[in-house]
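Engineer: coords please:
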Amino acid sequence: MTSHPSSAPAAGTGAGAGSTSGTQHLITQAYFDDVLAENADLFDIDTTATEGQEQALSETIDQLSSQGMALDHLCVEFHPNSEEGRAVRERRGELETALATLDGLVQGDGGIREFENEQEVDGVLAALRAVASACSGGDGSGGDGTGRGSIGAYPALALFKSTESIFTLMSLLGIVPLPTSTTGTLDGNDCADISNDREKILKATCQTLSSILSPTPSASSIRFSNGGSCDRPELVKKIRAIKAEIRDSFVAFDRLVGLIDLYTLAATKGMDQAHGILTDLANLATAACGGCEKNKVTFVRAGKEKVGGGSCGIESPASTAEITPGRDSSGGISAVVSVLSLPVTTMDTSSAAGTKMLASYCKLLAVLCRFDDFRNPPSNEGGGVGGMPSPDIAVSSAHDHVLEFNRNGIIPVLHEVTRFALNEVGGNEGGSSGHTSSTTSLELAAAALSATRTLAVNDEIVQALVAVGGLKSARIALVAGVGVGEGAGGAEESKMQQGQLRALTSSSLGLIRNLCGNDEIKTNLCLGTADNNDETSTVLPTIILAMRRYRSDPVVQEHGCATLAAMALRKPANAKKIIDEGGPMEVLTAMRQLPNVVPLQRQGALAVRNISSRLIKMAEAEQSGKVDTSISVGGGTEAIPSVEARDTFLDLGAESVLRDIAGKHQGSVDEAYAALRDLGCQVSMVRYDAESTHASGSRGVRGVAMFGESKARFNPVFEESDALEEAVERL
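Structural biologist: Numbering: from 1, shown residues only. This is a model prediction of the structure:
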């Protein structure tokens, strides 16, 4: 085996590319191929045959890895003598050339130089497209970045990371200058002076960054058009990890918020391309903030030190009375609210650019108000006070962001967006039926309702949502999603439209689920009101219909079960209504058809328990003659039939579902145990102990100590002892 010095040629074309990556040395593709050829000559390996090529690759990879060389950014899967190896190296060279082209635009001070001609602009756009394509897997990747016949997403992302090209792309966001006025305000001239070429590059840069920063779906959720699934889960896991590292290094939030403010003003001035650029900026912010709490906080704080209503002087629609005195109303949240506050009457519905823009900012709002960073904090080895783990990104900022959005007046603004979308799909009064086929309007309605759901975190906000008409919008959206009425579910629906209707149903159900946290609201939703008004009638039959129509959708089924569980909690009248409408059958059917969806199993078990527990106890009390178990229904009273709830669930096979499906998941076993206990079934919890294995090979099983089952063993008598004092003195 040949020996090589540790000072191998450094890889990378980007500014700031070093010779090391962490504790590993970076080498070039040419250096790897030279070592590969030397090893083949030294060991007389025939690299014209596939077997010899694989042997030479294996020997070289082992050698360089043992010497501390980083190989992730290289093409090491195919030998350069193979046809596929030559093609992959050619594409890798194209990626290096593209990165070098982009690096050449950045000056020493971080600014972007002027372009010489139109051909150079086209070259920059082509380079950005090449980077985006390579980092997403290139040719024939199937969308997961693991496809053969391309450089592959992981080596491309590793090369992008090792060359620190993220800083080049962040610098390119400055290609459109922000105003330098000391007051931080904008006027019409700031928008008019922007060149078209620079805006093209800004859009392409945002799209490239979005594709790189957007998380790859997990291997288990990847499905191809032919029905197959991903067969390289470890590679997908590595792609997700390196994307997260690149996302953590994105820091250009001040500029991002400034650009949003700039083009918000441009939209108010009637600038044609403003809606499209605002959409790209929102997609970038969503990709940069998703799965990273640190980035969410940075985006929200961006521009707060500047003077004016926003980072570039855009006024928030909230009045000063709606903002806590002494609190700055600028920053990322103010920028998002400003975009959503743009008059919907100016939206170009024929091109759908305005509708897509509003949908993108609703999605950004939802990301900012939802905790989705489940990684361990990077400083978990003792960076905090007293050697304790530092919280860094492990602490959720979602609740604080919801409250700040509320202070900035988001609730009426978001409701107007929802009304606009429902009008466009013909689901609201005054809506135009001519827009019923608009998938972009359906997408906006679903996004707006999903964003509204993330805001419903406390009773004060829930009451505010109901006051502006959020309950009515949720009802209308749910009816539209399940296709109640003429032409419902017809063959004329395109696949895309069916997907949007499914998303609309899921979003409206999720909002109703959160609104059911209020006892009065959930009773009105379940039982309706006595005035027989369509706007206040029961929504329960529509929920049941949604669960029937979208049997295979785990999110719809989870929201459906969770809504039924919330409605029945502490409300026997609601529970009886759910039984009368066939709710138990839908809950158990969902649990049977999706046995491996743990959140659904948990909510299903909760629904079984909440629906049955109080009805069973009231029926037993009535049989014993102890209490009057009549309940209020529709303004009158009605007695609960004896043990109807228990018999209903047991006859439908609830015991086997709870034992054999929900009871087998760690995330739903407690709820399944409680539901079985309330149904009167004999049940106990056991713990499998891998350490106490029997001679037969079976795992040891022991019971779980339940609270109150055994008396605590401790000595209640106080006895003086000098042992503790002596131990303290020894410290």
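
Engineer: Leu588 against Glu655, yeah?
Structural biologist: No - using C-beta atoms under 8 Å, Leu588 is not in contact with Glu655; the gap is 10.4 Å. Glycine gets a C-beta too; all of them are placed from N, C-alpha and C.

Engineer: More neighbours: which of the two?
Structural biologist: With neighbours defined as other C-beta atoms under 10 Å, Leu588 and Glu655 compare such that Leu588 has more, 22 against 17.

Engineer: I'd assumed that one was in a helix, is it?
Structural biologist: Yes - using DSSP: H, G, I helix; E, B strand; the rest coil, the assignment for Leu588 is a helix.

Engineer: so who does it touch?
Structural biologist: Leu588 makes contact with 604, 608, 649, 652-654, 657, according to C-beta atoms under 8 Å, 6 or more residues apart in numbering.

Engineer: and it, how far is that from Asn610?
Structural biologist: Between Leu588 and Asn610 the computed distance is 14 Å (C-beta to C-beta, to the nearest Å).

Engineer: again, but for Ile277
Structural biologist: 48 Å.

Engineer: do the same with Leu42
Structural biologist: Note on Leu42: its distance to Asn610, by C-beta to C-beta, is 72 Å.

Engineer: more crowded one of those two?
Structural biologist: A side-by-side neighbour count of Leu42 and Asn610, using other C-beta under 10 Å, places Asn610 first with 24 against 11.

Engineer: hang on, Gly517 in a helix?
Structural biologist: No - counting by three-state DSSP, Gly517 falls outside a helix, being coil.

Engineer: Begin at 4, not 1, for the rest of this chat.
Structural biologist: Got it, first residue is 4 now, which makes that one Gly520.

Engineer: pretty sure it is touching Ala569, no?
Structural biologist: Yes - counting by C-beta under 8 Å, Gly520 does reach Ala569; the two are 6.6 Å apart.

Engineer: Where is the longest helix in this protein?
Structural biologist: helix 601-626 (DSSP state H).

Engineer: by contact count, what packs against that one?
Structural biologist: helix 557-571, helix 575-583, helix 586-596, helix 647-654, helix 657-663, helix 672-681 (3 or more C-beta pairs under 8 Å, 6 or more residues apart in numbering; DSSP states H and E).

Engineer: Pull the distance from it to the chain's centre.
Structural biologist: Helix 601-626 sits 31 Å away from the centroid of its parent chain (C-alpha atoms, centre = their mean, to the nearest Å).

Engineer: Show me what counts as buried in it.
Structural biologist: Within helix 601-626, the residues that count as buried by 16 or more other C-beta atoms under 10 Å are 601-622, 625.

Engineer: For it, the averaged confidence score.
Structural biologist: Helix 601-626 carries an average pLDDT of 89.

Engineer: who's more crowded, Gly520 and Ala569?
Structural biologist: Remark: of Gly520 and Ala569, Ala569 carries more neighbours, 25 against 15, as counted by other C-beta under 10 Å.

Engineer: Surely the more buried one touches Asp522?
Structural biologist: No - with contact defined as C-beta under 8 Å, Ala569 does not reach Asp522; the gap is 9.8 Å.

Engineer: Remind me which helix or strand Gly273 belongs to.
Structural biologist: Assessed by DSSP states H and E, Gly273 sits outside every helix and strand.

Engineer: Give me the phi and psi for Gly294.
Structural biologist: phi 80, psi 10 (degrees, to the nearest 10).

Engineer: Sorry, slip of the keys, the one I care about is Met72.
Structural biologist: phi -90, psi 140.

Engineer: close enough to count as contact, it and Thr63?
Structural biologist: No - Met72 lies out of contact with Thr63 (C-beta under 8 Å); the separation is 10.0 Å.

Engineer: mean confidence for stretch 514-530?
Structural biologist: According to the model, stretch 514-530 has a mean pLDDT of 94.

Engineer: How about stretch 295-312?
Structural biologist: 79.

Engineer: got a list of contacts for the helix or strand Phe170 falls within?
Structural biologist: Using DSSP H and E, the element containing Phe170 is helix 168-175. Contact partners of helix 168-175, identified using C-beta under 8 Å, 6+ apart, comprise 17-19, 102, 105-106, 108-109, 113-115, 134, 163, 204-205, 208, 211-212, 215, 249, 252-255, 258.
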